[in-house]
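# I'll drop the sequence and a predicted model, then ask my questions.
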2 protein chains.
Amino acid sequence: MPLAAAVRQSIPATVILPATRANRCEACPGRHDACATVRTSELERYAMTRTSQTIAAGTAFVDEGEPALNVFTVVAGVVKLFKLLADGRRQIVGFLVPGDMFGFAPNDRYTASAEAVSSVTVCRCSRRQLEHAFAEFPGVERQFLDAITRDLTAAQDQMVLLGRKTAHERVASFLLSLFRRQPNDDDSIDLPMTRTDIADFLGLTTETVSRVFTVLKGSGCIAINGSSKVYILDRDALAELADGAADEDD
Amino acid sequence: MPLAAAVRQSIPATVILPATRANRCEACPGRHDACATVRTSELERYAMTRTSQTIAAGTAFVDEGEPALNVFTVVAGVVKLFKLLADGRRQIVGFLVPGDMFGFAPNDRYTASAEAVSSVTVCRCSRRQLEHAFAEFPGVERQFLDAITRDLTAAQDQMVLLGRKTAHERVASFLLSLFRRQPNDDDSIDLPMTRTDIADFLGLTTETVSRVFTVLKGSGCIAINGSSKVYILDRDALAELADGAADEDD
DNA sequence: CGATCCGTTGACGGTACTCAACTACCGTGG
DNA sequence: CCACGGTAGTTGAGTACCGTCAACGGATCG
């Protein structure tokens, strides 16, 4: 993909700065709170401050199958990871929010493509530098191990969703998992992605996603404001639906 | 589950033996070739020889949600990992063959249940000992990182299968992935698991799996011998089907 | 103001599920 | 040796959920 290649080339070279306790990353104005791979004390000592890159919404910047030269950490915005079949069918295998990391791959090829859902800021670390950090600071490797283990757990949950849940259950599960990841003061959820993205994540079509939203709205579980803002009205009902309780009433 | 708990209690305590180059595990008569977690030279130096346990087919020995006290490595046989919904729907999230590892979990709870498909031999390592090995030998942690990364990649492929492939494509993909994992001299595949297991792995029903097998047999792609032995007759056709080529001729 | 994209709603159809019957294969025991 | 019961697998008929195709409304943008 020429577009993604162009974006990749526009990313400035990664740099490693000397260690300071309150190290700064261009992307994280304050501390590295949003930047998972530099959150541990050991990595703070290492102070692997990387160059950040802001990416416009809708831009693809990693292509499945390409050499996995970099590992990325999302600092701001939302990223979708997806895989394609030969005829164009798409499965989104994950949405990444600030603090999530991706690009760590076996046999040195990216296993999925990445595209910015909203305007996105990522930190970027070359694979070579990462190996360097692994060698010098054992805590870094452990942090990656824990992060990937969490990803695997989420992937297993998603397999249950895709293999065994109904359309209603999928949407309910999706809304709740989004809600858990973006704890707002009120019971609202932001949906930065399109209905098509949601459908490709849940193994459905946009029409079905839209219809399920309408039904959930009609049954009083949720309220919708402008197609990107959802309010949870009956969280228990939603949770019951999401976990696959034998549906009885209504 | 009392059964699984009983099996767990019957597993003798893990022991650590002094290092020898050709270390022996009770389960691996020769070397540790089949035992992924002790395959590296560093772990061979560590010589974490663990007590093995043989488990009868059909026995559950890990329950989702229980404290993740041990990490297991399959030495012989096939294990299924699965998750259940409240009403009993089941999704198998993976089949483990010799060399595969499981039980490494975040927040110290097993994320899935495990059950022996055939008669199974596993090596068992307590979480505490594993942490010890991590601290002493950096290579061990890296090995786990690579193993979990491979698991994650497989999980992503499975998400594509479950979310976007038709029943025929799922079965074709399943047969080919089994074939890749058990390289026989001829083009045969052993199916140690039942049709219900296959269905719960592929997000289908047993009836659909059976029907698809019949169709594939009728179209000359495969031959079936006694419901547990499959011969690949037309591998290209199977691969084309599995990867989601726009189906034209047949 | 037209174009385009996104989201919603409706009508219809197909793939896979449900329910059911039947067969094959085991191991057990008469 | 064969009857017997239980499990696994196959096949058939009918159905339902969700996908496909299509039309429409609203928002954004040049």
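That came through fine.
# how about the residues of chain A near DNA strand C?
With C-beta under 7 Å from any atom of the strand as the criterion, chain A comes near DNA strand C at residues A:194-196, A:206-207, A:209-211, A:213-214, A:224, A:227-228. C-beta here means a position set from N, CA and C on the backbone, and glycine is covered the same way.
# which of those are buried, as a ChimeraX select command?
Buried residues within the residues of chain A next to DNA strand C, by 16 or more other C-beta atoms under 10 Å in any protein chain shown, are selected in ChimeraX with:
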select /A:195,209,213
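# so among the residues of chain A next to DNA strand C, where is pLDDT lowest?
Checking pLDDT across those, the minimum falls on A:Ser227 at 88.
# which residues does stretch A:156-164 contact?
Under the contact criterion C-beta atoms under 8 Å, 6 or more residues apart in numbering or on different chains, stretch A:156-164 has outside partners A:93-94, A:169-170, A:173-174, A:177, A:202-203, A:244, B:83, B:85, B:89-91, B:93, B:111-112, B:155, B:158-159, B:162-163, B:200, B:202-203.
# how close does the residue most central in space within chain A sit to A:Ala223?
Among the residues of chain A, the smallest C-alpha distance to the mean C-alpha position (C-alpha atoms, centre = their mean) belongs to A:Leu96, namely 1.0 Å. From A:Leu96 across to A:Ala223, the span is 27 Å (C-beta to C-beta, to the nearest Å).
# next one: A:Val62
Counting by C-beta to C-beta, the separation of A:Val62 from A:Ala223 is 36 Å.
# more neighbours: which of these two?
Here A:Val62 and A:Ala223 are set side by side on neighbour count (other C-beta atoms under 10 Å in any protein chain shown), and the busier one is A:Val62, at 23 against 14.
# what's around the closest residue to A:Val78 other than its chain neighbours, how many residues?
Computed as C-beta to C-beta, 6 or more residues apart in numbering or on different chains, the closest residue to A:Val78 that is not its neighbour in sequence is A:Val117, at 4.2 Å. Other residues lying near A:Val117 total 20 when counted by other C-beta under 10 Å.
# check A:Ala76 too.
16.
# what residues are bridge-paired with it?
With DSSP bridges applied, the residues forming beta bridges to A:Ala76 are A:Thr121.
# what pLDDT does it get?
Looking at A:Ala76, its pLDDT is 90.
# A:Arg50 too?
Confidence for A:Arg50, expressed as pLDDT, is 54.
# same check on the one 5 residues further on?
Note on A:Ile55: pLDDT of 92.
# in contact with A:Lys229, which residues?
The neighbourhood of A:Lys229, defined by C-beta under 8 Å, 6+ apart, consists of A:Ser188, A:Ile189, A:Asp190, A:Leu191.
# which ChimeraX command selects the buried ones in those residues?
Of the contacts of A:Lys229, the buried ones can be selected in ChimeraX as follows, counting by 16+ other C-beta under 10 Å:
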select /A:189,191
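# in JSON lines, list the contacts of A:Lys229 along with secondary structure and pLDDT.
JSON lines is the format used below for the contacts of A:Lys229 (DSSP: H, G, I helix; E, B strand; the rest coil; pLDDT from 0 to 100):
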{"residue": "A:Ser188", "secondary structure": "strand", "pLDDT": "94"}
{"residue": "A:Ile189", "secondary structure": "strand", "pLDDT": "95"}
{"residue": "A:Asp190", "secondary structure": "strand", "pLDDT": "95"}
{"residue": "A:Leu191", "secondary structure": "coil", "pLDDT": "96"}
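# low-confidence ranges in chain A?
Confidence mapping of chain A against pLDDT under 70 gives the ranges A:1-51, A:246-250.
# re the thing from before, ok, the contacts of A:Lys229 vs B:Ala68, which is closest?
For the contacts of A:Lys229, the minimum distance to B:Ala68 (C-beta to C-beta) is 30.9 Å, reached by A:Ile189.
# I'd guessed A:Phe213 sits against A:Cys221; true?
No: under the criterion of C-beta atoms under 8 Å, A:Phe213 lies out of contact with A:Cys221, with a separation of 10.0 Å.
# distance of A:Arg164 from DNA strand D?
10 Å (C-beta to the nearest atom of the strand, to the nearest Å).
# do A:Ala57 as well
From A:Ala57 over to DNA strand D (counting by C-beta to the nearest atom of the strand), the distance is 10 Å.
# that residue: what's it in contact with?
For A:Ala57, the contacting residues are A:Gly77, A:Ala116, A:Val117, A:Ser118, A:Ser119, A:Val120, by C-beta under 8 Å, 6+ apart.
# kindly report the same for A:Leu145.
Residues counted as contacts of A:Leu145 (C-beta under 8 Å, 6+ apart) are B:Glu141, B:Phe144, B:Leu145, B:Ile148.
# please identify which helix or strand holds the second one.
Secondary structure assignment for B:Phe144, by DSSP states H and E: helix B:138-164.
# list the buried residues of the very next helix or strand once past that helix.
Remark: after helix B:138-164, the chain's next helix or strand is helix B:167-181, criterion DSSP H and E. Buried residues in helix B:167-181, defined by neighbour count with 16+ other C-beta under 10 Å: B:167-179.
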